[in-house]
Each structure stands twice: as C-alpha cells, then as structure tokens.
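**Student:** Show me how the following folds:
(one chain, ligands or ions: 3)
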Amino acid sequence: MAECSHLDQIEFLELPDTIEGCKDCLAVGGTWVHLRMCHTCGEIRCCDSSPGRHATKHAAAAGHPLLRSAEPGEVWSWCTIDEIGFTLRAG
Ligand SMILES: [Zn+2]
Ligand SMILES: [Zn+2]
Ligand SMILES: [Zn+2]
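**Tutor:** Ligands and ions are numbered 1, 2, ... in the order given. Model prediction:
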C-alpha cells in the first residue's frame, strides 16, 4: 500500500476556530462547494468540485501537497502528490 512521504510538511492539524470560506473565492466574490484546509499553512480554500478549485491550485503553486477536509464532522486528509487519502489524529 502506498504511503505519503510528505507528512513532515504538516504544521496545522486542526481546523481554525472560525472559517469564513475560501480565501481566494472571497477575494473575487466567487462561490464554492466544499472547503479544504492546507496542512502546511492552515489556510482555507475550496475543493475540486468548486468552480475555483483553489485548494488544489494552492497545493501545486505553493508546494503544500497536503489538504484536509474543512467540512463539519469530516477529518480526512488527502495528499495531492501521492493521491492517497488518510486520517490524522491529533496528539
Ligand atoms: Zn504525499
Ligand atoms: Zn475558492
Ligand atoms: Zn498552504
């Protein structure tokens, strides 16, 4: 089974207390479907089902491959390079 080799890039594990929405969509007045958090910088962007696909674009542009779901009750993470999903548990 494939493993993600980018776990050392995780700086943020838990979601922020307040999530306003996709940072890039908010900047241009866009809309999104679901939200994802970058594990490396902790910023919130939209999923691949959203028109902007900003989370994946950020992952490629910033070199931050690891995303996690920012949807209520969802704890799964995804590596955009290895294309594998997994769940990380805090502490
Ligand atoms: Zn990986
Ligand atoms: Zn967006
Ligand atoms: Zn990032």
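**Student:** so who does the closest residue to Glu11 other than its chain neighbours touch?
**Tutor:** By the measure of C-beta to C-beta, 6 or more residues apart in numbering, the closest residue to Glu11 outside its immediate chain neighbours is Thr40, 5.5 Å from it. C-betas here are computed from N, CA, C, even on glycine. Counting by C-beta atoms under 8 Å, 6 or more residues apart in numbering, Thr40 touches 9-12, 62, 64, 66.
**Student:** Can I get the buried part of those residues as one ChimeraX selection?
**Tutor:** Buried residues among these (16 or more other C-beta atoms under 10 Å), as a ChimeraX selection:
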select :9,10,64,66
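**Student:** Can you list which of the contacts of Thr40 are found in strands?
**Tutor:** Leu66 (DSSP state E).
**Student:** Tabulate the contacts of Thr40 in a markdown table, adding columns for distance to Thr18 and pLDDT.
**Tutor:** Below are the contacts of Thr40 laid out as a markdown table (distance: C-beta to C-beta, whole Å; pLDDT from 0 to 100):
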| residue | distance to Thr18 | pLDDT |
| --- | --- | --- |
| Gln9 | 24 | 96 |
| Ile10 | 21 | 96 |
| Glu11 | 19 | 97 |
| Phe12 | 14 | 96 |
| Ala62 | 22 | 98 |
| His64 | 21 | 98 |
| Leu66 | 22 | 98 |
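**Student:** Look at the residue nearest to Glu11 and tell me its secondary structure.
**Tutor:** In terms of secondary structure, Thr40 is coil; the call rests on DSSP: H, G, I helix; E, B strand; the rest coil.
**Student:** State the three-state secondary structure for Asp24.
**Tutor:** helix.
**Student:** Up against ligand 2, what does this structure have?
**Tutor:** With the criterion set to C-beta under 5 Å from the ion, the chain comes near ligand 2 through 22, 24-25, 32, 46, 52, 54.
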